[in-house]
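Asker: My questions are about this predicted structure, shown below with the sequence.
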Amino acid sequence: MGQIGGFKTIHRQDETTKKVQQRLQDYNEFTIPLPLASLQKQGSRCMDCGIPFCHSGCPLGNLIPDFNDMIHRGEWKKALILLHSTNNFPEFTGRLCPAPCEKSCVLGSIDQPVAIENIEKSIVEKGFSEGWITPEIPTKRTGKKVAIVGSGPAGLSAAQQLNRAGHTVTVFERDDKLGGLLRYGIPNFKLEKEIIDRRIALLKAEGIQFKTKCHVGENYPIDKLLHFDAIVLCGGATVKRSLPIKGIESEGVVQAMDFLTAQTKRLTTLKKSETKLTAKAKHVIVIGGGDTGSDCVGTSNRQGAKSVTNFEIMPKPPVQRHPSTPWPFWPMQLKTTTSHEEGCDRNWLISTKEFVKNKAGKLIGIKTIDVEWKTEPGKSPLLIEKPGSEKTWPCDLALLALGFTGPEATLSKQLGISLDKKTNYAAVNYQTNLPKVFTAGDMRRGQSLIVWAISEGREAARAVDIYLCGKTNLPTKGPGDLIKA
């Protein structure tokens with residue numbers, strides 16, 4: 001497996017990026033790929049672990065040591081077949097996944113982990129460039145029809161798997177273009193939309209039918225949906241979390257996802273004059289320190305913001321692993337993204353108290369107070385405000401990157417689907433209380449990662465196939481269902 005002892009002599013090497021001032025001039029991806037020879041050396045760092053913890057770290061169960069070994073040997077096509085056996089869309093995860101596999105890499109316990117994510121992206125991109133990735137058209141059809149509601153990563157993976165099982169699949173998307181969160185929630189500088197279009201063209205060639213601008217329960221009646229033999233709801237968790245404080249209605253207080261969507265549409269479907277939502281020449285404050293907040297920082301800088309500030313109510317994470325999250329667990333650790341590096345004043349332990357507006361109702365500032373968290377054994381952490389730490393910040397545009405509270409209730413109400421305690425669509429083995437209706441992705445599990453959404457879609461497809469046919473040949477995740485390269 002790999003080069004014996006290779007991890008001792010070969011150091012981790014990542015993609016480089018264009019310089020900040022250069023990449024801020026457009027919205028394109030700005031990574032610079034490594035040469036293939038360098039990537040093969042990175043595959044050689046894999047340790048041939050007795051227990052490869054990267055398997056358990058990956059929600060898809062990707063066969064990571066195996067494709068690392070193939071890259072070490074220069075067997076790129078075999079590596080691609082192996083990668084696709086567990087992951088429908090490695091071009092998405094290779095760009096967007098936070099790589100829990102790397103955090104659980106055994107080498108990472110003593111050194112820099114294997115560059116798994118970069119290897120994954122490089123495998124699939126070489127596959128596309130060499131023409132190895134072609135439509136997989138079913139040889140026969142079952143006569144069963146399946147509806148997928150939502151064309152995000154969960155919906156697309158479920159659709160591809162069910163189509164491969166021979167069912168006739170129709171995907172309904174309420175927006176004007178396919179991709180869901182991938183399309184309108186992720187900036188182009190992280191995922192150029194041609195990457196999505198390239199994959200969807202393959203799915204169409206495989207026989208999957210897509211219907212855009214088709215909002216089930218709104219302009220597409222629920223009764224028509226019930227004519228399908230099975231239904232998979234993959235609408236995501238799209239109810240945005242807000243701040244119930246004074247001035248929330250001020251002009252200039254905007255949900256982060258609305259801001260990011262407006263920018264993507266400005267680049268693709270809208271003329272520049274059709275939206276005034278921009279950070280240009282404004283003091284921008286992003287409230288929320290997660291990935292969406294980071295995306296807002298990068299977008300604001302590209303739009304020409306006067307200043308960009310980031311608020312986070314939680315403490316600043318440590319630079320190194322904290323003892324409470326030892327290897328191989330996901331670490332509580334400071335994450336500095338390329339967007340942060342492009343320019344951002346980051347502030348931790350700060351609570352937003354009020355949005356200040358002028359007489360015209362426009363946002364002009366934000367009032368805050370410093371906080372600390374008091375923890376006691378057996379009790380929930382308590383937020384304590386620090387007297388005398390009040391401050392007013394100049395602000396023309398406040399972006400709320402506070403996550404999502406759950407899925408919209410339109411379909412659950414019209415179909416009569418039960419919800420769980422967190423208002424997610426309740427399901428047992430992806431099957432709701434209505435036998436023919438299944439659900440997957442964020443709609444079932446709550447706000448999560450793209451890699452989890454793909455995994456959910458694949459697993460839901462297995463459950464649907466069993467429901468329709470009494471058995472399934474669709475693979476589940478993990479080494480037990482390896483498709484031989």
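Answerer: Structure's in. What do you need? Numbering: from 1, shown residues only.
Asker: Only C-alpha atoms from now on, for both contacts and neighbour counts.
Answerer: Fine.
Asker: Show me where the stretch 351-485 of the chain has its strands.
Answerer: Assigned by DSSP state E, counting those that start in this stretch, the strands in the stretch 351-485 of the chain fall at 363-374, 382-385, 391-394, 397-400, 404-406, 437-439.
Asker: possible to save the ones you listed as CSV with mean pLDDT?
Answerer: Listed next are these as CSV, based on pLDDT from 0 to 100:
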stretch, mean pLDDT
strand 363-374, 97
strand 382-385, 96
strand 391-394, 98
strand 397-400, 98
strand 404-406, 95
strand 437-439, 98
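Asker: looking at those strands, which is closest to K413?
Answerer: Smallest distance to K413 across these (CA to CA): 13.5 Å, for strand 437-439.
Asker: one step back: just send the strands of the stretch 351-485 of the chain back as CSV, with distance to G235 and mean neighbour count too.
Answerer: Formatted as CSV, those follow (distance: least, CA to CA, whole Å; neighbours: other CA atoms under 10 Å):
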stretch, distance to G235, mean neighbour count
strand 363-374, 33, 18
strand 382-385, 34, 13
strand 391-394, 37, 15
strand 397-400, 21, 27
strand 404-406, 10, 19
strand 437-439, 9, 27
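Asker: Figure out which of these is closest to I450.
Answerer: strand 404-406 (14.6 Å).
Asker: Give me the helices and strands touching the closest one, please.
Answerer: strand 239-240 (3 or more CA pairs under 8 Å, 6 or more residues apart in numbering; DSSP states H and E).
Asker: where's the strand it packs on relative to the chain centroid, distance-wise?
Answerer: Strand 239-240 sits 16 Å away from the centroid of its parent chain (CA atoms, centre = their mean, to the nearest Å).
Asker: Also stretch 177-189?
Answerer: The answer for stretch 177-189 is 10 Å, by CA atoms, centre = their mean.
Asker: Let me see the contact set for the closest residue to V319 other than its chain neighbours.
Answerer: Closest residue to V319 apart from its sequence neighbours, by CA to CA, 6 or more residues apart in numbering: L334 at 5.1 Å. L334 makes contact with K316, P317, P318, V319, Q320, according to CA atoms under 8 Å, 6 or more residues apart in numbering.
Asker: With neighbour count as extra columns, can I get those in TSV?
Answerer: Below are these laid out as TSV (neighbours: other CA atoms under 10 Å):
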residue	neighbour count
K316	16
P317	14
P318	12
V319	11
Q320	10
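Asker: So which of those sit within helices?
Answerer: With helices defined by DSSP state H, no entry of these lies inside them.
Asker: May I see those arranged in CSV, with pLDDT and distance to E251 as well?
Answerer: Output for those, formatted as CSV (pLDDT from 0 to 100; distance: CA to CA, whole Å):
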residue, pLDDT, distance to E251
K316, 96, 30
P317, 95, 33
P318, 94, 36
V319, 93, 37
Q320, 90, 40
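Asker: In these, find the pair that's most separated.
Answerer: K316 and Q320 (11.8 Å).
Asker: Nearest to S351 among the contacts of L334?
Answerer: Nearest to S351 among those is K316, at 13.7 Å by CA to CA.
Asker: Without its sequence neighbours, what residue ends up closest to the closest one?
Answerer: Looking at K316 with CA to CA, 6+ apart, the closest residue is W348, at 5.6 Å.
Asker: What pLDDT does the model give that neighbour?
Answerer: At W348, the model reports a pLDDT of 98.
Asker: D48 now?
Answerer: For D48, pLDDT reads 81.
Asker: What of D481?
Answerer: 39.
Asker: Quick one: the strands in the stretch 151-300 of the chain, in order.
Answerer: In the stretch 151-300 of the chain, the segments counted as strands under DSSP E, counting those that start in this stretch are 168-172, 209-211, 230-233, 239-240, 253-255, 283-287.
Asker: give me the element the residue nearest to V297 when sequence neighbours are not counted is part of.
Answerer: Distances taken as CA to CA, 6+ apart place S339 nearest to V297, at 6.0 Å, with adjacent residues excluded. Following DSSP states H and E, one finds S339 within helix 338-341.
Asker: now do G127
Answerer: Short version, using DSSP H and E: G127 is in helix 116-130.
Asker: Following the chain onward from that helix, which element is next?
Answerer: strand 145-149.
Asker: Work out the gap between that following strand and the centre of the chain.
Answerer: 22 Å.
Asker: Pull out the buried positions in that strand.
Answerer: K145, V146, A147, I148, V149 (16 or more other CA atoms under 10 Å).
Asker: thinking the second one is in contact with T168, fair?
Answerer: Yes. Under the criterion of CA atoms under 8 Å, V146 lies in contact with T168, with a separation of 6.1 Å.
Asker: shared neighbours, those two?
Answerer: With contacts taken as CA under 8 Å, 6+ apart, the residues that reach both V146 and T168 are L162.
Asker: quick one, longest helix in this structure?
Answerer: helix 450-469.
Asker: what helices or strands is it leaning on?
Answerer: Short answer (3+ CA pairs under 8 Å, 6+ apart): helix 450-469 packs on helix 90-96, helix 153-164, strand 230-233, strand 437-439.
Asker: and of the contacts of L334, the nearest to G365?
Answerer: Nearest to G365 among the contacts of L334 is K316, at 23.9 Å by CA to CA.
Asker: got the contact list for that closest one?
Answerer: L334, W348, L349.
Asker: okay, now the second one: neighbour count?
Answerer: The criterion is other CA atoms under 10 Å. On that basis, W348 has 18 neighbouring residues.
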